[in-house]
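Visitor: Structure, please.
(2 chains)
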Amino acid sequence: MERIIFYIIAFIIIVFAMASVSSRKMLRSVIYLLFVLCGIAGIYFLIDYNFLAAIQLTVYAGGIIVLIIFSVLLVHHIEMELEMAKPLRKILTALLCMLGLGVFLYTIYNNHFNVVDNQVTTTTADIGSKLLSYDAGGFILPFEVVSVLLLAAMVGAIVIAKGKKLTDNNDTEL
Amino acid sequence: MGSEAIIVFLIAGIVLVAGANFLSNLISHKSDNVQKREPYESGMTTIGPTWVQFKVGYYLFAILFLVFDVEVAFLVPWAVVFKDFGAVGFIEILLFLFILGLGLLYAWKKGALKWE
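Guide: Numbering: from 1, shown residues only, chains lettered A, B, ... in the order given. Next up, the predicted model:
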């Protein structure tokens, strides 16, 4: 049963991934990418990583896609179709992709994967208690540092996005 | 989550969306003529592409949204075990929110929230 579902989800992911890279309309590519990310969330649900799947849906399918859509909408001539690649380039890309596929297949078929019983539980409650615990094995310090990281990201984004305007405002205030 | 739940979800999603579309297609009254394709209320016929570029301002809001999106993602596991940790957990999350609140304060102060 799980195997069938895995193949269904994998099929959806592959189809939309190919549609995403081969679509010549930018906005459509983004929407196909959204489906790919949702499919990956489905895989996470399948292997019982519920929290990770929820993160995948909220942050990637919810946040990152919105960001990409906005950046696509900022582009001047969105209605133009992306131009087709030149034949030589197509061949080189195909060769490169085949090389990558070869490396993956070689690794997969030559590595003897051991089936190990899963000892680590990854329910949201477990993640929460590990994040908040300040005993040995707790992650309270990284948890708080994450907020500093997010703060730095936010400040950096504002500085870059406002750019010149920000310094102009400062000059007038001073 | 059992794998059955996923298959139910998958089928329900497909059936609901496809069913709704099919039903509305089946029931709805269809009419198509030349007049119907004209712009609304004697509007001008458009020349060339009708695309307008979005304001850059949206992008900043999207980035800010993303930061707080991640923050909420961190709040969820805290909320699940909130009762076990009590006051200590509350102080920990207050510190977390305070540091992020500084970011919001910075955005506010620098006029990033202002619509220009």
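
Visitor: buried sites along stretch A:61-71?
Guide: The neighbour-count check on stretch A:61-71 (16 or more other C-beta atoms under 10 Å in any protein chain shown) flags A:Ala61, A:Gly62, A:Gly63, A:Ile64, A:Ile65, A:Val66, A:Ile68, A:Ile69, A:Phe70 as buried. C-beta here means a position set from N, CA and C on the backbone, and glycine is covered the same way.

Visitor: Could I get the full set of helices for chain B?
Guide: B:3-27, B:57-80, B:82-109 (DSSP state H).

Visitor: Dump those to a markdown table, plus mean neighbour count, mean pLDDT and distance to A:Ala125.
Guide: Listed next are these as a markdown table, based on neighbours: other C-beta atoms under 10 Å in any protein chain shown; pLDDT from 0 to 100; distance: least, C-beta to C-beta, whole Å:
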| stretch | mean neighbour count | mean pLDDT | distance to A:Ala125 |
| --- | --- | --- | --- |
| helix B:3-27 | 11 | 90 | 19 |
| helix B:57-80 | 18 | 87 | 5 |
| helix B:82-109 | 15 | 88 | 8 |
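
Visitor: May I see these arranged in JSON lines, with distance to A:Val155 as well?
Guide: Below are the helices of chain B laid out as JSON lines (distance: least, C-beta to C-beta, whole Å):
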{"stretch": "helix B:3-27", "distance to A:Val155": "39"}
{"stretch": "helix B:57-80", "distance to A:Val155": "10"}
{"stretch": "helix B:82-109", "distance to A:Val155": "6"}
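
Visitor: just to revisit the earlier point, please go through the buried residues of stretch A:61-71 and note which also touch chain B.
Guide: A:Gly62, A:Gly63, A:Ile64, A:Val66, A:Phe70 (C-beta under 8 Å from any C-beta of the partner chain).

Visitor: if you look at the buried residues of stretch A:61-71, which of them are in helices?
Guide: Mapping these onto helices (DSSP H) picks out A:Ile65, A:Val66, A:Ile68, A:Ile69, A:Phe70.

Visitor: wait, doesn't the second one sit right on B:Phe65?
Guide: Yes. In this structure, A:Val66 sits in contact with B:Phe65. The criterion is C-beta atoms under 8 Å, and the distance is 6.8 Å.

Visitor: hmm, back to that, nearest to A:Leu33, of the helices of chain B?
Guide: helix B:57-80 (15.6 Å; C-beta to C-beta).

Visitor: That closest one vs chain A: in contact?
Guide: Yes. Helix B:57-80 is in contact with chain A by C-beta under 8 Å from any C-beta, via B:58-60, B:62-67, B:69-74, B:76-80.

Visitor: Ok, stretch B:106-116 next?
Guide: Yes. Against chain A, stretch B:106-116 shows contacts by C-beta under 8 Å from any C-beta at B:Tyr106, B:Ala107, B:Lys110, B:Gly111, B:Ala112.

Visitor: Would you mind listing the residues in contact with the second one?
Guide: In this case it means B:Ala107. Going by C-beta atoms under 8 Å, 6 or more residues apart in numbering or on different chains, B:Ala107 touches A:Met154, A:Ile158, B:Leu64, B:Leu113.

Visitor: Check what contacts stretch A:14-27 and list those residues.
Guide: A:28-30, A:32-33, A:35-36, A:39, A:69, A:72-73, A:75, A:78, A:81-82, A:84.

Visitor: and if we set it to 10 Å?
Guide: A:28-40, A:68-69, A:71-73, A:75, A:77-84 (C-beta atoms under 10 Å, 6 or more residues apart in numbering or on different chains).

Visitor: from the middle of its chain, how far away would it be?
Guide: Relative to its parent chain, stretch A:14-27 has a centroid offset of 16 Å by C-alpha atoms, centre = their mean, to the nearest Å.

Visitor: buried set for it?
Guide: So, applying 16+ other C-beta under 10 Å, buried residues of stretch A:14-27: A:Phe16, A:Ala17, A:Ala19, A:Ser20, A:Ser23, A:Met26.

Visitor: could I get it in CSV with only the CA atoms?
Guide: Only the C-alpha atoms of stretch A:14-27 are listed here, as CSV (Å, rounded to 0.1, in the frame of the first residue of the first chain):
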residue,chain,number,x,y,z
ILE,A,14,8.3,14.0,-11.6
VAL,A,15,5.6,15.1,-14.0
PHE,A,16,5.3,18.6,-12.4
ALA,A,17,9.0,19.0,-12.0
MET,A,18,9.4,18.3,-15.7
ALA,A,19,6.5,20.7,-16.5
SER,A,20,8.1,23.3,-14.3
VAL,A,21,11.5,23.3,-16.1
SER,A,22,10.0,22.9,-19.6
SER,A,23,7.2,25.4,-19.4
ARG,A,24,8.1,28.5,-21.3
LYS,A,25,5.7,30.7,-19.3
MET,A,26,7.3,31.9,-16.1
LEU,A,27,4.3,32.0,-13.9
